[in-house]
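Asks: Coordinates only, no sequence provided:
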């Protein structure tokens, strides 16, 4: 029995050509070099954070630590009160995920399956907003945070601005819409015949079929919120509300450089672990939604 042809850019038949094999080897070496360039700064921060204080300041620096001071991690965690900042980040992340999935998911369902009159024009406007630079709306957005329209509420020192911004994400709407387009209309029509409302169809039929894209969007949102700095820094002035990234920035002048490296390691590790554990779902979500990189 012949072996199946491998998928991808270069298949098994093409690899029989010496020129193609050379090209394949060159591409692999380039990708390995690119991965090393991307990974090295994070690895350097994490490894350097474990060095003894004398070795940390040694010149020239050592590539690999000669001594490991594991106790520094516990002392830094307790001294910098990272559990509180982790909890704050978890609250902000949880609300952002909930708002992102609820509102953007419903918007994707609206544009994909409901399609009322005028929805095509509205969807075009949503896509066009992806072309606008982020800096265009920063000033009016901050003004709305200080004085929320109609209600005249000051949302400074609350997580509501980040949650509301997560609720309107054109990229996520496009991902949801592309995924929902692949769901057969016959399933939705059968549910409507059984008496389900439009929201009932979304909750009982669409969502159970959308686990891959939901997991993908959830991971993307968690990673984006965890690393977000600008808006939390602008909005969260009370230290009791600081997230991890904001806390590190605001306290950097009070921390020695070795503790700063440890704090940065605390920031880097969770997103890395999240991606390593769920990278398969990320790839599946993009594949099933039809979004091409």
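Replies: Happy to help now that I have it. Quick caveat: nothing in here was measured; it's all calculated off a predicted structure.
Asks: ok, residue 13 to residue 20 distance?
Replies: Using Cβ to Cβ, to the nearest Å, one gets 9 Å for the distance from residue 13 to residue 20. Backbone N, C-alpha and C define where each C-beta goes, glycine included.
Asks: what's the answer for residue 202, then?
Replies: From residue 202 to residue 20 the distance is 47 Å (Cβ to Cβ).
Asks: who's more crowded, these two?
Replies: Shown here are residue 202 and residue 20; by other Cβ atoms under 10 Å, residue 202 has more neighbours (22 against 14).
Asks: check which helix or strand covers the closest residue to the more buried one other than its chain neighbours.
Replies: The shortest distance from residue 202 to any non-neighbouring residue, by Cβ to Cβ, 6 or more residues apart in numbering, is to residue 109 (5.2 Å). Assigned by DSSP states H and E, residue 109 falls within helix 105-109.
Asks: and the next element down the chain from that helix?
Replies: Sequence order places helix 119-128 as the next helix or strand after helix 105-109, per DSSP H and E.
Asks: picking that back up, what is the helix holding residue 109 packed up against?
Replies: helix 170-180 (3 or more Cβ pairs under 8 Å, 6 or more residues apart in numbering; DSSP states H and E).
Asks: Repeat the analysis, applying 10 Å as the threshold.
Replies: helix 119-128, helix 170-180, helix 198-201, helix 211-227 (3 or more Cβ pairs under 10 Å, 6 or more residues apart in numbering; DSSP states H and E).
Asks: And those helices: which comes nearest residue 82?
Replies: helix 211-227 (13.4 Å; Cβ to Cβ).
Asks: Roughly how far does the nearest residue to residue 82 once chain neighbours are set aside sit from residue 235?
Replies: Nearest residue to residue 82, sequence neighbours excluded (Cβ to Cβ, 6+ apart): residue 266, at 5.9 Å. Per Cβ to Cβ, residue 266 is found 22 Å from residue 235.
Asks: quick one: low-confidence parts of the stretch 151-293 of the chain?
Replies: 281-293 (pLDDT under 70).
Asks: what ranges do the helices span in it?
Replies: Secondary structure of the stretch 151-293 of the chain (DSSP state H, counting those that start in this stretch): helices at 160-166, 170-180, 185-193, 198-201, 211-227, 230-235, 244-251, 257-289.
Asks: Show the average pLDDT along the helix holding residue 109.
Replies: Taken as a whole, helix 105-109 has an average pLDDT of 92.
Asks: how distant is it from the center of its chain?
Replies: Remark: helix 105-109 is offset 19 Å from the chain centroid, using Cα atoms, centre = their mean, to the nearest Å.
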